[in-house]
Every structure is written in C-alpha cells, then in structure tokens.
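Participant: For reference, the sequence and a predicted model appear below.
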Amino acid sequence: MHPSATHDASAERVELPIEGMTCASCANRIERRLNKLDGVTATVNFATERATVEFDPGAVVPEQLVGAVQEAGYSATLPSAEPHAASQDAAAGAEQDAAAALRRRVIASAVLSVPVLLMSMIPALQFDNWQWLSLNLVTPVVLWGAWPFHQAAWQNLKHGAATMDTLISIGTLAAWLWSLYALFIGDAGMNDMRMSFDLIPKSGEGADQIYLETAGIVTTFILTGRYFEARARRRAGAALKALLELGAKDVAVLDEHGAERRIPVEELQAGDRFVVRPGEKVATDGVVDDGRSAVDMSMLTGESVPVEVGPGSQVAGATVNAGGRIVVRATKVGADTALAQIARLVSDAQTGKAPVQRLADRISGVFVPVVIAIAVATLGFWLGTGESATFAFTAAVAVLIIACPCALGLATPTALMVGTGRGAQLGLLIKGPEVLESTRKVDTIVLDKTGTVTTGRMSLVETTVADGVDEADALRLVGALEHASEHPIAQAIAAAAAAEGPLSAVEGFANREGLGVEGVVDGRALVVGRPALLAQADPPVHLPPALDEARKAAEAAGRTAIAAAWDGQARAVFVVADTVKPTSAEAVARLKELGLRPVLLTGDNEMTARAVAAEVGIDEVIAEVLPSGKAEVVRRLQGEGRVVAMVGDGVNDAPALAQADLGLSIGTGTDVAIEASDLTLVSGDLRAAPDAIRLSRATLRTIKQNLGWAFGYNVAALPLAAIGLLNPVIASLAMACSSVSVVANALRLRRFKGRPTA
C-alpha cells in the first residue's frame, strides 16, 4: 500500500537514500524503526536503496527520520537541493563506483584464493612450507576482501541483530584464526607439514590442520554473488533517468518585441512564449498562442494518431511538433509538467511494490543465531567431556564452516545468470531476481494496444473510389501530393503509393493546417484532407453517397478517413489506421494456454478497441483510459485480487509497468518503458511474452531447488560436525561440492527452448 493511502493532505513526503543495507532483513529493520515514530508511514525498498516516508510535519522533523535510520545501524541523507537530474546522476555515479569497488574485491580475492584451494586439496602440490605461502595469500582476502562482511556483522552486533553477513564473518574469521593457532602454536608450522584428510577427526589430534582455503574461497564466492546483486540494483533508477532525458534541452523564447533567443529549458518560466518548429520537441506544458500543426503525442500517450492543435489547444512537454510552426505560452514548468508527473508515478509504483522476501534472508534471522549457538555448544560439550581443546575447537570450526552459506550465496545469482543468459539468446531480458516470484502467480495480463498488439504506425488499410475512377490512378495522384506533407497520415498514404511505383512531381503545394493539403499533380488540381476542406472549395465539393458511407464506416470503427477531389468532384476516400501485428492473435492464444486472462488496455475509443480485441481473441477490454490512468487500472485489478502482468511500449505505459506485479516491455518501444519493466521482449514480437513467462518460472523453480539443496545440506551436515564426525577440511570440500551441485542445477536452464513460431 502506498503511504498516501493512510495520510491526509497535510502530510509531507520525503525520499531518503539509505546506505549500508545488505539484505531484505535490513530494509525491514529500518522500516520498523521509522514506523515507530509518531505520524510516520515509511516504506523501505532494498532494491532501490531508498526509504519513502510520509510524515506529519507538526510531529516530526526530517532530521529525526535520518536519526531513526542511524539508530537502526545504517546511514541516510536528506534529499539534495540540487536539480533532480543532477542528484540522479550523482546517485548513479555512486552506485557505479560501489559496483566497481566490489568487482575489484572479487578479482583480487579469486586470484589469491584459488592457488590456496588447489594446494590444500591436492597433496602433490604441498611442498615444504606451502602453508606459510597460503597464509600470506589468504590473509588479505580475509581482512580486506571480506571487510564488508565484517563491517556489517559488527553493525548488526551493536544493534543485537544477526544476518548472513554475521555467519560469513564469524566463519571466515574462525577458520583464519584457527589456522593462525595451528601455525604458530600447534604443529602446522613445521617445514614438512602435509594436510591430513581424515574423514573423522581423531581424538586429541587436529593441531596440524589449517583451514585457510575455506576462509579464502567462502569470501570469494559470497563476494561474487554480492557483485551480481549490485549490478542488478544499479538498474533501479534508470527509468527515472531516461524519463528526465526525454524533454527538450533548450528553447527559443520570444521577448516582448517578438525577437527569439535560445535559453536552457531550466530557465523557462510560466507565462513565457516560445517557438516550436516542425520536428522540434515542445519544451514544456502550455497553450498554443499562434499557428496550427499536428503534434505527435505518442511519446506520452502511446497513441499513433497525431493530434491537431491550434490557438487555445493544450500541448504537453516532450511531445513532437509534426507539422507547422507554432508559438506556445508556457503554463507549467519543472515538477508540474506531465512528463515530471509520469516520472513521479514511476517512482511511486517502484517504491510501493513490495520487494521479494528472499528465502535466504528470511531464514537467516533464525538460522544464523542457531548455528552460532550450536558451535558454542559443541565447543563447550567436548571440553566438558574431557576432550582436548584442539579436538573441541576442531569440531566447533567444522560447525561454522559447514554452515557457511556458500551454496546459499550462489543459489540465486547462478540460476539468474544462466536463466538471463539463455533469455538473452532468445531475445528475452530479465532484470533481476525480484521479477521471478510474480511470474508463477500471475493470472491476468494487461496488453497495451498501440505498439504492443498493433504496429503503432499509421498505414493505408482501405481505398474507396467513385464510379469511373481507377483505384491505382487515384492512389498515385493522391500519394504524390501527400508525399510533400510531413503529416504522419499523409506519409502513410504516400508510402502506400510509393510501394506501387515512382511518384510524380507536385506543383503549387499548399498546406491547409488542420484540414489537409492542395496542389497540382500531372496537371490536375487536387484537394486532399478532411471533408470540411472539400466543402470550403470554390465551388464546394461534397462526397457522393458511396464515398460518404465509406467515411462513416471508417470513423465508426475509430479509423481516419481522408477524402480526395480533383476536377471539381470527390473521387476517393482513403482510410488510414494503426494495424494489428500479424503475430498478436497467436501470442494471445499462447498466453491463454499458460492460464492467463488477457485484457486489452488503450486510450482509444471503445469501438476501435473492441474491433482490435475481436481480431486477436481478447474478451475483456478497458478503453478510453487517460495516460495517467493506466497505473490506476492496474491497481484496480490488483485490488480485485488479481496478480497482474502488464505489456507496453510507450512512456505513458511506464507507471503501469512499474505498478504491475510483472512488467513486460516491447523492445522496440521507448527506453523509459523498457527501464520501468521487469522483462523486455527485445524482438518486439508479442509471442515472446509467453516464452518470457515460461523462462522466468523455470528460473524461479531452479532457484528454489538450489536454496532447498543448500539448506538441506546444512541441516544434514551440522549434526555430523557437532558430534565430531566431520573434519573441517572435508567440510570445506563438501561445501565446494554443494556449490558445484547448485551451479550444475542452474546450468540445466541452458537447455530451455522457446515455442517455435509458425
């Protein structure tokens, strides 16, 4: 639930960047601490590393929120006063630096640890004094490579908490410290020392055993898993950054004398008048003061039909002027614009989506303290029975080593890497592990119409000619005239004509803004456009019954009808529309096979939407939805108890994609839609959607199998270690085998095959 659902209009809202979180339990701890404050409702998102807080300013000041986060053992900062784009760039830079630092730790740890692992496990490689070389190689790994784990464990300890970081830190330090004891006090420092491989530790022995390879390899494996998680989290803010980059960068402002000067768009003020030429982006929301044109709103609305504008018409920032020169008076700037509001909707939806409660982190709250208690109890028990300190400590170390969550750390990243790699080969991009859980539960899939089910491009779909007129000749004449126009509808007719042969030259071309065009082709004076333009001719031209019926039928179906006249008579009607993709019907059928209920969602009129839905086999239609209302539709469906997937391609789809339990974007759509989604269908073919869901479900199934094996291995091996039947060296080898089995299970995903296309 969003905080706004429970707070009144006087509540203030702030987003706090959080540092120091390492797992979902950290986010839960911060959230609980913030929500204990009077008048505060907080949601902490581990994936985006941000806390969204609504608070009563009469009861709490922002500094108290930061203090509460610090009391929980983490750090937070109040939002910067610098521009939003600059703060986004700074945050992205910090995330990139953190990932790069983590990568350096992974590489250095692997280079130093692998030789130690080989020497420890292969007796033939154990030369004189090899153990001292191992100590020198592993010590930097334990103290520097594993420093993030030690630091997190210490912070958790100060606040009476334990996570997987605690177990990793204790396990690696215990193995390293025991090795120091064995080398400097025990017998492991002798020149001719060789590693013992007894399956069962012998009573009174063990002072010649070192566990340096365990400390190094555990650190390396867990760091690797953390690195891949960090890479996935770096994408979290990309949708908002892509949105901010959509707008115009500068603008031609008119002064009181009508002179133009270009200024950065940030300096534009409400009330300023600015010029938008053909092909330029509208700098900000405003009202047209002068001129007429067709504005391509698809960047915001996703609908392909351009909107005719004239004096008094509203225009939105970041849309594109597809026709003539217009002068716009700015009415909204900065955070008040439609583009900024969409960016805010994306942010709200991402923050409000509950993060996946990862199984490893959920269990760690119980698992970690239990393992530590077992290790301490094991040490105390064997000392109490009169066993040597060496044997008792060996058994305790074996408990910690066998419980070190190496396989747990690999369970998710390896399956995710293999699954996403296989998906990339099939043109399916999965953003991260947060995506997968919803794919199994999804029961409803909402399909945006324009650009998803349909092509998103205007094309000529029907031509009706008057008696005695040759259809090919009519298309050739009208196509030649329309070729001189920049209007998308004109270009659709021109493209159809050009496909039939070369186009003739045009003389005396004139654009009647908002109505159509006129000109002379092959000696014939043509008038092409809305019927109103023909009625303005001298003498007026009216459509005969047959052509007028074609016009009415087209408009009733939500299509655009263009009339053409020459020699003083109406000769033809051309119908232009957005066409259904040839693969959409097959894709819908496959989605139904997966048990999904398809819903068509569009801003178009009900009749057009019903016609498209009938063509592809969809029964449920939600039409005439405003761009800002798509996310609300998804929320409403979720409120009905449905688990919703959303497929879209436009900027206006981004909030809905982020709000949905599973967002799928068309790869041929806008960058914002792609970044806001969980899955991307690179090919743009809707048939990839069912394959993406199948692959996601298979990947989730593999992750759960891996986690089940990893926990099962720990549960089975812990008792053996505690009763002294498991040598720590064998424990580390078993741990490596556990990791190999997890990887091998994940590699089965490479055999996943998409459904063959017809």
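Facilitator: All right, it came through fine.

Participant: now for the helix or strand where Leu383 lies, which elements pack on it?
Facilitator: Using DSSP states H and E, Leu383 falls within helix 359-384. Contacts defined by 3 or more C-beta pairs under 8 Å, 6 or more residues apart in numbering; DSSP states H and E place helix 359-384 against helix 24-35, helix 164-184, helix 389-403, helix 406-425, helix 688-722. For glycine as for every other residue, the C-beta is placed from the backbone atoms N, C-alpha and C.

Participant: Please state the offset of the second one from the chain centre?
Facilitator: In this case it means helix 164-184. 39 Å (C-alpha atoms, centre = their mean, to the nearest Å).

Participant: That helix versus helix 359-384: what angle between them?
Facilitator: 40 degrees (axes from the mean of the first three to the mean of the last three C-alpha atoms, to 10 degrees).

Participant: Mind listing what's buried along helix 164-184?
Facilitator: By neighbour count with 16 or more other C-beta atoms under 10 Å, helix 164-184 contains the buried residues 164-176, 178-183.

Participant: Which neighbouring elements make contact with that helix?
Facilitator: For helix 164-184, the packing partners by 3+ C-beta pairs under 8 Å, 6+ apart come out as helix 130-140, helix 147-158, helix 212-233, helix 359-384, helix 389-403.

Participant: pLDDT averaged over the fourth one - what is it?
Facilitator: By that I understand helix 359-384. Helix 359-384 shows a mean pLDDT of 77.

Participant: again, but for the third one
Facilitator: Throughout helix 212-233, pLDDT has a mean value of 75.

Participant: cool, and the second one?
Facilitator: For helix 147-158, the per-residue pLDDT values average out at 85.

Participant: by contact count, what packs against that helix?
Facilitator: helix 164-184, helix 212-233.

Participant: So which of these is nearest Trp144?
Facilitator: helix 212-233 (9.7 Å; C-beta to C-beta).

Participant: re earlier: got the helices and strands packed on helix 164-184 as TSV, with mean neighbour count and distance to His483 columns?
Facilitator: Converted to TSV, the helices and strands packed on helix 164-184 look like this (neighbours: other C-beta atoms under 10 Å; distance: least, C-beta to C-beta, whole Å):
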stretch	mean neighbour count	distance to His483
helix 130-140	19	70
helix 147-158	18	63
helix 212-233	25	48
helix 359-384	17	61
helix 389-403	25	74
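
Participant: With distance to Met121 as added columns, please give those helices in a markdown table.
Facilitator: Below are the helices and strands packed on helix 164-184 laid out as a markdown table (distance: least, C-beta to C-beta, whole Å):
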| stretch | distance to Met121 |
| --- | --- |
| helix 130-140 | 12 |
| helix 147-158 | 24 |
| helix 212-233 | 7 |
| helix 359-384 | 24 |
| helix 389-403 | 14 |
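
Participant: Tell me which of these approaches Met193 most closely.
Facilitator: helix 130-140 (5.5 Å).

Participant: Pull the contacting residues for the residue nearest to Trp178 when sequence neighbours are not counted.
Facilitator: Residue nearest to Trp178 in three dimensions, not counting chain neighbours: Val397, with 5.1 Å by C-beta to C-beta, 6 or more residues apart in numbering. Applying C-beta atoms under 8 Å, 6 or more residues apart in numbering, one finds that Val397 lies in contact with Ala174, Ala175, Trp178, Tyr211, Ala375, Pro728.

Participant: Quick one: residues contacting the first one.
Facilitator: This means Ala174. Ala375, Ala396, Val397, Leu400, Ile401.

Participant: Kindly recompute the last result at 6 Å.
Facilitator: For Ala174, the contact set (C-beta atoms under 6 Å, 6 or more residues apart in numbering) comprises Val397, Leu400.

Participant: related to what we said a few turns ago, so which of the helices and strands packed on helix 164-184 comes closest to Leu481?
Facilitator: Per C-beta to C-beta, nearest to Leu481 of the helices and strands packed on helix 164-184: helix 212-233, 53.1 Å.

Participant: Hmm, Pro369 and Arg162 touching each other?
Facilitator: Just to correct that, residue 162 is Ala rather than Arg. Yes: with contact defined as C-beta atoms under 6 Å, Ala162 counts as touching Pro369 (5.3 Å).

Participant: Point out where the stretch 501-650 of the chain drops to low pLDDT.
Facilitator: Within the stretch 501-650 of the chain, the stretches with pLDDT under 70 are 650.

Participant: Likewise for the stretch 651-758 of the chain?
Facilitator: If you take pLDDT under 70 as the line, the stretch 651-758 of the chain has these spans: 667-676, 727-737, 739-740, 755-758.

Participant: Please repeat the previous calculation with a cut-off of 90.
Facilitator: 651-689, 691-758 (pLDDT under 90).
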